[in-house]
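> A structural model of the following input is requested.
(chains A and B)
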Amino acid sequence: MIIKPTLNRYGDFGDSEGSAAAGKEINIEDKNAWPLWEVFLRSKQGLDHKHCGSLHAADAAMAIENARDVYTRRQEGISIWVVESKHIHASDPADASSLYDPANDKVYRHPTFYDIPDEVGHM
Amino acid sequence: MRWGICNLINTFNFFKVKELLYNYVIQLADSSLILAQQNGTWCGHGPILEQDIAITNITLDLLGQARNYYQYAADLRNELDNTDEHTEDSLAYLRGEREFRNLLLCEQPNGDWAQTIARQFFYSVYLELLYTDLSKSQDERLAGIAAKSLKEIHYHSTWCTDWMCRLGDGTAESKERLEKAIVELWPFTGEMFMPSNIEKKLVAESFLPEFDTMKKLWFQKVEAVFVEATLPMPDKDSFMQQGGKEGVHTEKMGFILAEMQYLQRVFPGAAW
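I've put the predicted structure just below:
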């Protein structure tokens, strides 16, 4: 089964033209192509699943098996989440300045103006 | 080396059982080694990246199990011959075809992906049942190796089952390829349940489970998967090939060993 990479298939949301974030439909040329899945792993000491990579698989069960084979070989994690890439919506980098810059000069939003007594400990 | 055998009274019986155990353990080791050697040739040639890694992971698991068995067999052989010349490497690399005791199934060619999956499926379901029983064996070391390997085998069995269903209940081409593979491999699936003389003696000494029970469970599992994969079940009573356990192998065995043993034979004692 040969997957021919094309720009439209890879769901590069927010990173390229012709992506869903720009409002266009993903054009899957080959209906039998295996979709791309994003893999999230939680390590033994961790509390949250972190993104660690992506892979192709035909269905969710195969995606988890593949993730186990590819991404947990060296004991990287003990829990796997897989999500089809097309279900991930990302912000558009072009909007970065309007989305994130305004928070730069609003220092009053940070909880650092209180004197915490030592007895309270770490918060 | 600790032994869990406590029902033996005299030395002769003690060594007789060790001789039997050696011949049995070498069987387990050879089967997994030969299959690992075969599967290894998929490395870099898998149908897609993730499956390339999956099959090589499984191969490494099998090789690890084989190593455990070879180490045990070497210890047994050394004790029986009162020497220390046998090692896992000498057993793997310096024995000829007639001395190998692997199942004939393991030496069948890789073929296409469907044939590799079918071969792995038949073997993994068998190992899952065998190791479950062996992990309760009265021989401590054998039980230990089997128990450790069981976790890996569970994954192999699940992975193979999923692939049998995907290929069998997949496209017309995948179904055709898998059905062809099953027809090719079916005559080699009976050998697992045809006990050799050594195995019969070990069953009598309660070291091995009854073969009929294992055979029944194997058929149940295989049939269940075939139903889900919409595959026709072959005839249970058809003619089955055998001979591997006695060292009588198919013509492919020579080529497998030639490739595997070439380096050690040409440069004896070579090491990484």
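
> which residues touch the spatially most central residue of chain A?
Centroid-nearest residue in chain A: residue A:51, 5.5 Å away (criterion: C-alpha atoms, centre = their mean). By C-beta atoms under 8 Å, 6 or more residues apart in numbering or on different chains, residue A:51 lies in contact with A:38, A:39, A:40. For every residue, glycine as well, the C-beta is placed using N, CA and C.

> Residue A:106 too?
Counted by C-beta under 8 Å, 6+ apart, residue A:106 has zero contacts.

> Would you map the helices across chain B?
With DSSP state H as the criterion, chain B has helices at B:11-40, B:49-81, B:88-93, B:113-134, B:140-168, B:172-185, B:197-204, B:211-228, B:252-266.

> and the longest one, anywhere near chain A?
Yes - under the criterion of C-beta under 8 Å from any C-beta of the partner chain, chain A is reached by helix B:49-81 at B:49, B:50, B:51, B:53, B:54, B:57.

> Which of those residues are buried? Put it as a PyMOL command.
Buried residues within these, by 16 or more other C-beta atoms under 10 Å in any protein chain shown, are selected in PyMOL with:
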select buried, chain B and resi 50+51+53+54+57
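
> quick revisit: is the residue nearest to the centre of chain A bridged to anything, and to what?
Residue A:51 forms beta bridges with residue A:40, as assigned by DSSP bridges.

> how far away is it from residue B:114?
Separation of residue A:51 from residue B:114 (C-beta to C-beta, to the nearest Å) stands at 34 Å.

> follow-up on the earlier one: just name the most buried of the helices of chain B.
Most buried of these by mean neighbour count (mean count of other C-beta atoms under 10 Å in any protein chain shown) is helix B:113-134; its value is a mean of 23.

> tell me the angle it makes with helix B:11-40.
Angle of helix B:113-134 versus helix B:11-40, following axes from the mean of the first three to the mean of the last three C-alpha atoms, to 10 degrees, is 160 degrees.

> tell me what helix B:113-134 is packed against?
Counting by 3 or more C-beta pairs under 8 Å, 6 or more residues apart in numbering or on different chains; DSSP states H and E, the packing neighbours recorded for helix B:113-134 are helix B:11-40, helix B:49-81, helix B:140-168, helix B:172-185, helix B:211-228.

> Could you check how far the closest residue to chain A within chain B is from residue A:56?
Residue nearest to chain A within chain B (C-beta to the nearest C-beta): residue B:50, separated by 3.8 Å. As judged by C-beta to C-beta, residue B:50 and residue A:56 stand 7 Å apart.

> tell me the pLDDT at the residue nearest the centre of chain B?
Of all residues in chain B, the one closest to the mean position by C-alpha atoms, centre = their mean is residue B:31, 3.5 Å from it. Per-residue confidence (pLDDT) for residue B:31: 97.

> The closest residue to it other than its chain neighbours: neighbour count?
Nearest non-adjacent residue to residue B:31, counting by C-beta to C-beta, 6 or more residues apart in numbering or on different chains: residue B:102, 4.2 Å away. For residue B:102, the neighbour count with other C-beta atoms under 10 Å in any protein chain shown is 26.

> same question, the one 5 residues further on
Applying other C-beta under 10 Å, we find 27 residues neighbouring residue B:107.

> which neighbours do residue B:50 and residue A:56 share?
Here residue B:50 and residue A:56 share the contacting residues residue A:66, scored by C-beta under 8 Å, 6+ apart.

> Surely residue B:181 is in contact with residue B:109?
No - using C-beta atoms under 8 Å, residue B:181 is not in contact with residue B:109, being 10.5 Å away.

> any shared contact partners between those two?
Shared contacts of residue B:181 and residue B:109 (C-beta under 8 Å, 6+ apart): residue B:115.

> What number of residues are in the vicinity of the residue of chain A found nearest chain B?
Nearest residue of chain A to chain B: residue A:66, at 3.8 Å (C-beta to the nearest C-beta). Other residues within reach of residue A:66, judged by other C-beta under 10 Å, total 26.
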